[in-house]
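[1] just the structure for this:
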Amino acid sequence: MKKHFKLIDLDCANCAAKMEAAIKKLDGVHDATVSFMTQKLTLDADDTRFDEILNEVVKVCKKVEPDCTIVR
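    Below is the predicted model:
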């Protein structure tokens, strides 16, 4: 399943790159793109565990950029 999410308060392109790399390493993630310019996350992950994977993605993003929020 592929979904797009809006990011709020993503302040730095380097942080976006770190988030993207960390998200791609998560189990069940097929592909992920974090765009600093558009402030969007595109997540392609297993359909059966999508919500669980999304919760892990939120934790990863909070570690890298504590002020960043993913709008579900």
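[2] alpha carbons only for contacts and neighbour counts from here, please
    Fine.
[3] so Lys6 sits in a helix?
    No - per DSSP: H, G, I helix; E, B strand; the rest coil, Lys6 lies outside any helix segment and is strand.
[4] let me see the contact set for it.
    Residues in contact with Lys6 (CA atoms under 8 Å, 6 or more residues apart in numbering) are 39-41, 70-72.
[5] give me the ChimeraX select line for those, limited to the buried ones.
    In ChimeraX, a selection of the buried entries from these looks like this (16 or more other CA atoms under 10 Å):
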select :39,40,41,70
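[6] okay if I get the contacts of Lys6 as TSV plus pLDDT?
    TSV is the format used below for the contacts of Lys6 (pLDDT from 0 to 100):
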residue	pLDDT
Gln39	98
Lys40	98
Leu41	98
Ile70	97
Val71	96
Arg72	90
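[7] closest to Arg49 among the contacts of Lys6?
    Closest to Arg49 out of the contacts of Lys6 is Arg72 (15.6 Å), distances taken as CA to CA.
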